[in-house]
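> What shape does this take:
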Amino acid sequence: MIDDYPTLVFRVGEYEVIEGLDLVVQSMYKNELAIISIKPNLAYGELGRKPDIPAEARITYLFGLLHFEKQKEMTEMTWAQRRKMGQSRMRIANWWYSRKEYPIAVKCYKKALQFYNNIPTNQECSTPDEYKELLTLMEERLRVMRQVANIFKRIANLIQSGQIET
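The predicted model follows:
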């Protein structure tokens, strides 16, 4: 046994789990239990997942869909929730980038930025804590934008040098 997640929580279509699991869960019913066998190209592919999953490995899961819900719209999220979601997307993007899966990494970085964009800065803050949270979110937005710009620049350099084909 490699992975044992009694309660795995993930967002569909957000590259948080392997592609095969992401695809299968979309066709499942609530409380359905399934044995899922995922081909290497929809799992960890030619890189594997060191140290426990070798390259080109087929992955088999016993998976039960216990619950699902629609994600909140960004406009319904607090600043703290948006920041937390943005940080989560950045961690996922960084993981894909470390695997040299650049197209997926770029999509994830763009998703992360969405949580930091369109912040209503003209809105009055009712408490000092709310003002502090807004300021933290805006500072983090700048940090994320700089980080994403640097990564896009690195990817562009890799494309120019012929290390990545487009």
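> Mind checking what helix or strand follows the strand or helix carrying R89 in sequence?
R89 belongs to helix 79-98 when elements are defined using DSSP states H and E. Toward the C-terminus, helix 79-98 is succeeded by helix 102-114 as the next helix or strand (DSSP H and E).
> so how far is S98 from P51?
P51 sits 15 Å away from S98, going by CB to CB, to the nearest Å. Using the backbone N, CA and C atoms, a C-beta is placed for each residue, glycine as well.
> Give me the more crowded residue out of the two.
Taking other CB atoms under 10 Å, P51 and S98 do not tie; S98 has more neighbours (9 against 6).
> hey, where'd the strands end up in the chain?
Assigned by DSSP state E, the chain shows strands spanning 33-38, 59-64.
> which of the ones you listed sits most buried?
The highest average neighbour count among those, using mean count of other CB atoms under 10 Å, belongs to strand 59-64 at a mean of 15.
> and that one, what other elements does it pack with?
Secondary-structure packing of strand 59-64 (3 or more CB pairs under 8 Å, 6 or more residues apart in numbering; DSSP states H and E): helix 19-25, strand 33-38.
> Mind checking the ones you listed for the one nearest to E130?
Nearest to E130 among these is helix 19-25; the distance by CB to CB comes to 35.6 Å.
> For the closest one, which residues meet the burial criterion?
Within helix 19-25, the residues that qualify as buried are 19-22, 24-25, counting by 16 or more other CB atoms under 10 Å.
> could you dump the strands of the chain to TSV with distance to F152 and mean pLDDT?
Below are those laid out as TSV (distance: least, CB to CB, whole Å; pLDDT from 0 to 100):
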stretch	distance to F152	mean pLDDT
strand 33-38	31	93
strand 59-64	31	90
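> will you turn the ones you listed into JSON lines that also has distance to Q71?
Listed next are these as JSON lines, based on distance: least, CB to CB, whole Å:
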{"stretch": "strand 33-38", "distance to Q71": "23"}
{"stretch": "strand 59-64", "distance to Q71": "20"}
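> which one of those strands lies closest to P6?
Closest of the strands of the chain to P6 is strand 59-64, at 10.0 Å (criterion: CB to CB).
> okay, the angle between the closest one and strand 33-38?
160 degrees (axes from the mean of the first three to the mean of the last three CA atoms, to 10 degrees).
> in the chain, which helix has the most residues?
helix 128-160 (DSSP state H).
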